[in-house]
Structures are given as structure tokens and as C-alpha cells.
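**Student:** Just need the structure, nothing else, for what follows:
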Amino acid sequence: MAMTEYRLEGADKIGLILLTKGIIDEKILEEALKIKQSEQGKNKRNLAQILVSDLKINHDTVFSEVSKLFAFRELNITLEQLTKDKVQEVKKFYDNLSQNPDTKELLTSLKVIPYTWDEKEKNKVVLATPDPTQRNILKLVFSLNLKKYEIAFLPLKIYDYLLKEIKPDENLFLKQLEELQQQTIITEIEDQSLDEAFLEAEISKSALVNLIEGCLVEGVRKGASDIHIIPTGQRQTAIYFRIDGLLQLWHLQDNLYPEAFSSVIKDRSRGLDRFEREKAQDGFIQREVDGALIRYRVSIVPIVSKDIKHKFESVVIRILDDRKVITDLNKLGLTGYAYTSFKKAIEQPQGMVILTGPTGSGKSTTLIAALHQVISPEVNVLTVEDPVEYVIKGARQLKIGPKMDFEAAIRAILRHDPDIVLVGEIRDKITADIAVKLANTGHLTFSTLHTNDAPSAVTRLYRLGIEPFLLAYSVNIIVAQRLVRKLCSDCKEKYQITPEEAHSLGLIYDDWKNVEIFRAKGCDKCGGTGYKGRMAIHEALYFTKEIREAIFKCSDEINEELIRDLAKKDGMLTLRESGFEKVKMGLTSFEEVIANTSSDV
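**Tutor:** Numbers count the residues shown, from 1 in each chain. Down below sits the predicted model:
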């Protein structure tokens with residue numbers, strides 16, 4: 001369909017406006033219009049909703065243009081303007097107008113907040129929403145019994161913040177648990193060798209299930225990556241959330257046998273044997289939390305107990321929230337040389353793209369974002385991961401199981417006509433050989449390694465048995481990555497670096513004395529830590545002609561220093577230097593960078 005054939009009626013005008021302003025291109029507009037034309041009946045959406053929901057165009061950019069087109073008022077409010085008094089004022093107004101539970105549910109589903117009375121017209125209510133085009137807003141107006149009203153556009157970030165402040169999500173499981181706190185969760189009994197019948201009786205008369213379910217919900221809402229459930233005594237269990245990379249105590253439960261805790265988790269998981277307490281087990285849980293489907297990967301391992309009558313187990317639950325998956329390369333934190341060289345590497349028709357770093361450094365996140373840049377219907381994308389964490393649209397992800405282990409899956413992809421391959425991890429010589437073979441036979445291959453920095457990854461591959469000439473010409477780029485905490489934007493404080501501090505950090509004072517630097521302070525919004533969220537820092541070793549020659553000429557040992565020097569001449573920043581660049585941008589602190597790059601001096 002040619003662009004000139006598109007209809008210029010109401011909803012499609014916004015597409016042409018966004019196209020004219022360069023917010024979207026013709027390909028995106030054509031795809032959005034095809035989706036729009038395919039939808040029928042009550043579920044039919046307008047073009048703006050499709051662009052935001054399906055094609056991931058920035059919500060506020062799109063709906064700001066929608067508001068201008070249809071003459072909706074725009075509420076240009078910043079987070080700084082939302083003081084405690086202002087939030088309380090909005091909350092009071094919200095509560096007064098929406099006392100009916102059905103009305104509150106409708107407000108939430110439509111993402112509408114009764115914001116205030118109109119300043120110029122008496123008895124006129126301003127309804128603020130990030131999407132003023134919703135059809136059912138009239139139904140809401142009737143439910144609120146409004147005689148006069150105005151619909152106003154409110155940026156999504158402001159809406160989310162306001163909603164969280166005036167109507168926090170209710171955790172029904174924890175609410176029920178609070179109502180039962182008057183009773184002891186599990187009654188005191190004399191120590192005895194615990195059997196399954198006893199545990200079942202104790203669980204059935206306890207509020208333990210509510211605690212477990214509440215924990216799963218709260219972990220998602222607090223943005224935790226993992227939940228740790230650890231026996232700390234014969235009748236005590238601690239629950240920790242890993243938030244921004246650090247474990248934080250969430251709940252300490254007394255008068256509860258840890259065996260009962262692990263039994264309930266096993267019962268509510270798939271793939272776990274409740275009666276097995278002598279070996280490690282892996283399973284998964286699936287729940288809907290706040291309208292989103294959340295998957296949990298459960299790992300249980302037996303641990304030592306002082307009392308032989310007790311068989312303690314440690315439980316770690318990884319939270320897999322698809323809403324956190326990054327598909328846009330620009331949102332990974334890659335900047336400068338790291339960004340340009342990484343983009344160049346993944347645009348090659350063949351070769352290896354390797355991410356390296358410790359567990360939990362965000363390697364998989366970066367690889368998935370990279371895959372989204374190269375996936376298309378014209379190429380066969382195969383992935384082998386153990387375990388598979390996120391479902392990647394457009395890729396065929398091989399399932400590891402009892403009848404096909406990781407090694408067998410790696411071999412299978414060679415016979416499955418691949419164009420692009422993701423090997424979750426290069427573990428040994430077999431996986432390294434196959435990854436190199438794929439890269440040298442016309443396939444773009446993504447994988448990960450566990451090394452401290454990018455140059456040492458070359459040594460690791462060499463010691464796995466990869467010949468220097470194969471290594472030199474099969475790899476496009478090696479990127480080392482770490483995650484550092486971001487300074488809380490609400491409380492970070494400015495300070496001036498001293499000559500002594502600059503010297504201790506290996507910096508030239510004159511280069512930094514006029515730079516605006518921030519450090520952590522701590523407030524209610526960040527839990528007193530001074531940090532909120534994390535971001536990646538990168539060390540990108542792009543394989544230029546000179547670096548390939550240096551590796552090719554190696555005999556008994558890889559010369560890491562030579563490779564590092566050549567890469568630095570090309571523009572590579574070390575992990576610490578990359579972190580200091582983020583300090584210059586006011587995003588993190590010197591302390592955080594030093595703590596996460598201590599071995600990369």
C-alpha cells in the first residue's frame with residue numbers, strides 16, 4: 001500500500017503528523033495501519049494506542065501530539081512540583097469523587113485520575129489521563145455523576161507516580177496475613193523428628209501460604225530481581241529481596257519450621273518434589289501480578305543444619321518480568337566508542353559477539369537487546385540457553401531437558417539451517433569449538449563468558465583450545481560489562497572533588513575541578529540508600545585489523561597488555577573509565593564505580 005493511499009480521517013491524521021515530525025518512519029506507520037485495519041469490534045484500537053503498545057514508540061511523545069491534534073489540555077507537571085501537600089490534595093479529591101469500589105476499579109482500568117476542579121469554571125472536574133482517547137471515559141463520567149468535566153493529558157511517568165502515591169497496590173495475601181497475626185503461624189510444640197504428616201497438619205492451620213504468595217507479589221512490586229528464603233534457626237526463616245544488586249531483609253518469620261516453608265514452595269511450584277530434601281532441585285512458578293504475567297524460576301539446595309533432626313534448604317526465586325526486557329539498543333547505556341563498535345559488530349553477517357562479566361552483570365539483557373536489532377522474518381534465529389529466561393519473539397529457542405542437554409542442543413543447531421545463533425554460555429572446549437565453527441561458516445553468533453575484562457576473554461578462549469588464527473578471525477567484538485547503581489534523582493547531592501581525592505582515583509584534578517559531580521545522600525524514595533535502579537558500564541574490544549594480527553601472531557601465550565593498548569588507541573575505555581564517564585554525566589558516584597571495578601585497575 002502506497003503512503004498516498006492512506007486515509008486521512010481522524011485517527012490516521014496523527015500518523016501523518018508523527019511521520020512529518022520524524023517521530024516515526026514510513027515502515028512503522030505502514031505496520032501500525034495494517035494492525036489497525038486487522039482489528040475489529042470492541043477490541044479495535046486507534047493508531048496512537050497501536051504505536052505505543054505494539055511498536056514501542058514513546059508514549060508521551062505520541063499522546064502529546066494526539067492532545068494537540070484533538071485540543072486536549074496538557075498538564076505540564078514535573079515530579080518536583082508534586083510535593084507531599086500537592087499529592088495529599090489530589091488524593092483527597094480522588095477519594096471524595098470515587099467512593100464507590102466499582103468506580104475506583106474503572107478509574108484504574110482506564111488510567112484516569114480526577115485531578116482537581118477547573119480554575120476558571122465552577123463545578124467542572126479535570127480528569128487527567130495518559131490516554132485521553134479511550135472510548136469508555138464517558139462510562140466513567142456517568143459513574144462519577146459529573147455534570148461538567150474536561151479530559152486532560154497527563155504524562156505517563158507523572159500518572160504512574162501519582163497513582164502509586166494516592167492508591168498503592170494492595171497485596172491481598174499480606175492483608176489476610178495481617179488479619180491472622182494475632183495467632184502464631186505455627187504453634188509451639190516439643191522438638192521432634194519432623195515427618196510429612198506433621199508438616200501437613202501445621203501448614204493447613206497456618207497463614208504460611210498467604211506469606212509465600214504475598215512475598216511473590218511484593219517482590220515484583222519492589223523491583224526485586226531475586227527472592228532469598230533462608231533458614232536462620234530451628235523455628236526462624238528470613239526472606240530477603242535482591243534490589244539493585246544488594247540483598248535487603250524483607251521479613252523475618254519466627255515460630256515457623258523452615259521445612260514447612262520449603263514444603264509450601266515446592267507444592268506451589270512445577271517440577272519440584274516435595275519429599276526430596278537431599279539434592280538440589282529446579283522448578284518454576286507462574287502468577288499474574290498487577291495485570292502482568294510473571295514467571296519465577298525456583299532453585300532449592302540442601303544446606304547444613306546444627307540439628308540432625310532438621311533438613312534445611314535454601315530457596316532462591318528469580319523473578320522474570322517480561323516488562324523489564326530491553327529491546328532498544330539505545331537504552332542499554334552503551335555510549336561513544338562502545339556503542340558505535342557494538343552496533344557495527346552486530347550488523348556484520350557473520351562472526352562472534354561475546355559478552356563477558358560475572359553472574360548478574362546484565363550480559364543476557366544486552367544480548368537479548370542485540371538480538372532484537374537483527375531478528376527479522378528473513379533469518380532463522382536459534383537460541384540455546386540453560387535455562388531459558390525470556391521468550392524472544394521471532395527466535396526459535398531450543399528446550400533443554402532430560403533427552404536433550406546443552407551440548408546436544410548446541411550440536412543440533414548446526415543441522416538446523418541457522419542464520420543467527422545465541423549460545424547462552426561458552427562453557428568448555430566443545431561449546432567454544434561449535435561457536436567458532438558457526439562464526440567461521442557465515443553465521444552471526446552471540447554468546448557469553450565469565451572473565452574480568454574484555455582482553456582476558458581472549459586468553460580464556462585460547463586456553464579452552466581455540467587456535468589463535470581461528471580466534472583472530474572469528475570474533476567481531478568482546479564487551480565486558482558491569483552493573484552499577486544509579487544515584488537517586490530526588491536526593492543526590494552536588495559536591496566538589498578535591499585534589500587529594502582526584503589523586504587517589506588516578507585522575508588529573510584540572511580535568512575534573514569544573515565537572516558537576518554528585519554523591520549519594522539518601523531519602524524516603526530510595527529507602528535511604530541514595531541509589532535507585534542500576535545501569536551498565538562497558539569495555540568494548542572491537543577486533544580491528546591490528547588486533548587480529550596481534551592475536552594471530554601469538555605462540556604460547558596471549559599478550560593481553562598488547563591487545564589492551566591497541567584497543568585503547570582505537571578508543572576503548574576500560575570498565576573503570578566507562579564508569580567515570582557515567583560519574584561525569586551525574587548518573588552514579590565514584591564510590592559505586594570503584595566498588596564494582598576493583599579488579600580492573
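**Student:** Do you have the strands of the stretch 501-601 of the chain handy? List them.
**Tutor:** Under the criterion DSSP state E, counting those that start in this stretch, the stretch 501-601 of the chain contains strands at 517-519, 531-542.
**Student:** ok, and which of those has the densest surroundings?
**Tutor:** Highest mean neighbour count of the strands of the stretch 501-601 of the chain: strand 531-542, a mean of 23 (counted as mean count of other Cβ atoms under 10 Å). C-beta coordinates here come from the backbone N, C-alpha and C atoms, glycine included.
**Student:** Could you break this protein into its assigned domains?
**Tutor:** Using automatic domain parsing, the domain parsing of the chain gives 3-71, 79-166, 172-322, 329-485+534-579.
**Student:** for the stretch 51-200 of the chain, what are the low-confidence residue spans?
**Tutor:** Applying pLDDT under 70 to the stretch 51-200 of the chain picks out residues 168-170, 172, 176-200.
**Student:** where do the helices sit along it?
**Tutor:** In the stretch 51-200 of the chain, the helices defined using DSSP state H, counting those that start in this stretch lie at 59-69, 84-97, 101-110, 137-144, 156-166, 172-179, 196-204.
**Student:** quick one, helices of the stretch 301-450 of the chain?
**Tutor:** Going by DSSP H, counting those that start in this stretch, the stretch 301-450 of the chain shows helices at 336-346, 363-374, 406-414, 429-440.
**Student:** To residue 67, which of the strands of the stretch 501-601 of the chain lies closest?
**Tutor:** strand 531-542 (28.7 Å; Cβ to Cβ).
**Student:** Include mean pLDDT, mean neighbour count and distance to residue 503 when you put the helices of the stretch 301-450 of the chain into CSV, please.
**Tutor:** Converted to CSV, the helices of the stretch 301-450 of the chain look like this (pLDDT from 0 to 100; neighbours: other Cβ atoms under 10 Å; distance: least, Cβ to Cβ, whole Å):
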stretch, mean pLDDT, mean neighbour count, distance to residue 503
helix 336-346, 94, 19, 26
helix 363-374, 90, 20, 34
helix 406-414, 86, 17, 48
helix 429-440, 90, 20, 42
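**Student:** now those helices in JSON lines, with distance to residue 355?
**Tutor:** Shown next, in JSON lines, are these (distance: least, Cβ to Cβ, whole Å):
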{"stretch": "helix 336-346", "distance to residue 355": "10"}
{"stretch": "helix 363-374", "distance to residue 355": "4"}
{"stretch": "helix 406-414", "distance to residue 355": "18"}
{"stretch": "helix 429-440", "distance to residue 355": "13"}
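**Student:** Which one, of the ones you listed, ends up nearest to residue 498?
**Tutor:** Checking the helices of the stretch 301-450 of the chain against residue 498 by Cβ to Cβ gives helix 336-346 as the closest, at 27.5 Å.
**Student:** what angle do the closest one and strand 531-542 make?
**Tutor:** 60 degrees (axes from the mean of the first three to the mean of the last three Cα atoms, to 10 degrees).
**Student:** Of the helices of the stretch 51-200 of the chain, flag the one that's most buried.
**Tutor:** When the helices of the stretch 51-200 of the chain are compared using mean count of other Cβ under 10 Å, helix 59-69 is most buried, at a mean of 19.
**Student:** Return the distance of that helix from the chain's centre.
**Tutor:** Centroid displacement of helix 59-69 relative to its chain, using Cα atoms, centre = their mean, to the nearest Å, is 26 Å.
**Student:** That helix relative to helix 156-166, how many degrees between them?
**Tutor:** Using the same axes, to 10 degrees: helix 59-69 against helix 156-166 is 100 degrees.
**Student:** for helix 59-69, packing partners?
**Tutor:** helix 10-20, helix 47-53, strand 73-74, strand 148-153, helix 156-166 (3 or more Cβ pairs under 8 Å, 6 or more residues apart in numbering; DSSP states H and E).
**Student:** I would like the residues contacting it, please.
**Tutor:** 13-14, 17-18, 21, 23, 48, 51-52, 72-74, 130-133, 153, 155-157 (Cβ atoms under 8 Å, 6 or more residues apart in numbering).
**Student:** Turn the buried ones among the residues you listed into a named ChimeraX selection, would you?
**Tutor:** In ChimeraX, a selection of the buried entries from these looks like this (16 or more other Cβ atoms under 10 Å):
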select :13,14,17,18,23,48,51,52,72,130,131,132,133,153,155,156
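**Student:** Per-residue pLDDT of the residue nearest to the spatial centre of the chain, please?
**Tutor:** When Cα atoms, centre = their mean is applied to the chain, the residue found nearest the centroid is residue 324 (3.3 Å). Looking at residue 324, its pLDDT stands at 84.
**Student:** What distance do you get for it to residue 501?
**Tutor:** Distance, residue 324 to residue 501, using Cβ to Cβ, to the nearest Å: 35 Å.
**Student:** repeat for residue 429
**Tutor:** For residue 429, the distance to residue 501 - Cβ to Cβ - is 46 Å.
**Student:** Same check on residue 47?
**Tutor:** In terms of Cβ to Cβ, residue 47 sits 53 Å off from residue 501.
**Student:** before we move on, what about residue 439?
**Tutor:** 44 Å.
**Student:** cool, and residue 84?
**Tutor:** Per Cβ to Cβ, residue 84 is found 35 Å from residue 501.
**Student:** Check the offset of stretch 207-217 from the chain's centre.
**Tutor:** Offset of stretch 207-217 from its chain centre (Cα atoms, centre = their mean): 23 Å.
**Student:** Let me know the angle separating the helix or strand hosting residue 32 from helix 10-20.
**Tutor:** Here residue 32, judged by DSSP states H and E, is contained in helix 26-38. With the same axes, to 10 degrees as the basis, helix 26-38 and helix 10-20 are set at 170 degrees to each other.
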